[in-house]
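**Q** 3D model of this:
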Amino acid sequence: MTHLTLRVSALLLLTLVAFAGNSVLTRAALVDPANGATSFAAVRLLSGALMLGLIGGFARHSVTPRLRDLPAVLALFLYVLGFSLAYRAMSAATGALILFAFVQITMLAVALRRGVRLSGFGWLGLALALGGLVWLLSPGLSSPPLTAALLMSGAGVAWGAYSILGQGGGDPVGRSIRNFIGAVPLALVLLLVVPVSLTASGWALSVASGAFASALGYVLWYRVLPLIPVPLAASAQLSVPVITALGGALLLSEPISLQLVGACALVLTGIALSARK
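**A** So this is what the prediction gives:
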């Protein structure tokens, strides 16, 4: 069995809560039609870049993007844009489910292609976690529109690619800084092409999503990724829809039921099993 240290476990949990926070914050903003999805995405990227730039300045990290950062920069931008556009038409928990299902598929496909093999416990754990997520949505939450579902699926593939690129070693904080800084020109293009449309609360939510849930969350993610196996990194993210559903229920009045509690138990049991060798 793989034993994670208390520090690594705490970092992983904090990262997953930050990921769930992004879904809740984005949905909270975009449920209001006065807030534009592209404006939210652009401000999220810009505020994340500002926060990380400040961190980089204090910690003396290089903030200048490099050519080899381009794939991660593009993956980050496509994830944030698709994520925001999709949340215009779906609940927080539904979006998180679709997102992280495709994150898992992407990461495991790459891992299997690289020769990683799951144990019996690993496959059982993933099956339980996926079963819990299916139960979470059947028959509870309504199905999202096809276009929104496709956008969130694409965001999941982009985030899975971003996660895989983050396992390359080196300085995780510096890499996160360069990725966000590299996405700034793309965010500015969004603001130039589509007029800015954000209420006061929309500005606040987008800045919170970018500077805290995204920037600081991704720094933690890049830091914890090299410390855990790829299958665990993929399956642990399956807990995010459950955390998101709880946050949505508490903060956005989205429904909560015994079905959610049961699904949560299955997902967390599955994650625990997938950590075994």
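**Q** Just give the closest residue to L81, not the sequence neighbours.
**A** Nearest non-adjacent residue to L81, counting by CB to CB, 6 or more residues apart in numbering: A41, 5.0 Å away. (Glycine included, C-beta is placed from N, CA and C.)
**Q** After whichever strand or helix holds the one you found, which helix or strand is next? Please name it.
**A** Element membership for A41 (DSSP states H and E) is helix 37-59. With elements assigned by DSSP H and E, the helix or strand that comes after helix 37-59 is helix 70-86.
**Q** re the thing from before, which parts of the helix holding A41 are buried?
**A** 37-53, 55-56 (16 or more other CB atoms under 10 Å).
**Q** quick one: that helix to helix 70-86, angle?
**A** If you take axes from the mean of the first three to the mean of the last three CA atoms, to 10 degrees, helix 37-59 sits at 140 degrees to helix 70-86.
**Q** Dump helix 37-59 to PDB, restricted to CA.
**A** Taking Å, rounded to 0.1, in the frame of the first residue of the first chain, the C-alpha atoms of helix 37-59 are listed here in PDB:
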ATOM      1  CA  ALA A  37     -18.500  34.100 -19.500                       C
ATOM      2  CA  THR A  38     -15.500  35.400 -21.500                       C
ATOM      3  CA  SER A  39     -15.100  38.400 -19.300                       C
ATOM      4  CA  PHE A  40     -15.100  36.200 -16.200                       C
ATOM      5  CA  ALA A  41     -12.500  33.900 -17.900                       C
ATOM      6  CA  ALA A  42     -10.300  36.800 -18.800                       C
ATOM      7  CA  VAL A  43     -10.400  38.500 -15.400                       C
ATOM      8  CA  ARG A  44      -9.800  35.100 -13.800                       C
ATOM      9  CA  LEU A  45      -6.600  34.600 -15.800                       C
ATOM     10  CA  LEU A  46      -5.400  38.200 -15.300                       C
ATOM     11  CA  SER A  47      -6.000  38.200 -11.500                       C
ATOM     12  CA  GLY A  48      -4.300  34.800 -11.300                       C
ATOM     13  CA  ALA A  49      -1.300  36.100 -13.200                       C
ATOM     14  CA  LEU A  50      -1.100  39.200 -11.000                       C
ATOM     15  CA  MET A  51      -1.100  37.100  -7.800                       C
ATOM     16  CA  LEU A  52       1.500  34.700  -9.100                       C
ATOM     17  CA  GLY A  53       3.600  37.600 -10.400                       C
ATOM     18  CA  LEU A  54       3.600  39.000  -6.900                       C
ATOM     19  CA  ILE A  55       4.600  35.600  -5.500                       C
ATOM     20  CA  GLY A  56       7.300  35.300  -8.100                       C
ATOM     21  CA  GLY A  57       8.700  38.700  -7.300                       C
ATOM     22  CA  PHE A  58       8.900  38.100  -3.600                       C
ATOM     23  CA  ALA A  59      10.400  34.600  -4.100                       C
END
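**Q** helices and strands around that helix, which ones?
**A** When contacts are defined as 3 or more CB pairs under 8 Å, 6 or more residues apart in numbering; DSSP states H and E, helix 37-59 sits against helix 6-30, helix 70-86, helix 172-193, helix 200-208, helix 217-224.
**Q** Save the ones you listed as a markdown table, and put in mean neighbour count and mean pLDDT too.
**A** Below are those laid out as a markdown table (neighbours: other CB atoms under 10 Å; pLDDT from 0 to 100):
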| stretch | mean neighbour count | mean pLDDT |
| --- | --- | --- |
| helix 6-30 | 21 | 93 |
| helix 70-86 | 23 | 96 |
| helix 172-193 | 20 | 91 |
| helix 200-208 | 18 | 97 |
| helix 217-224 | 23 | 82 |
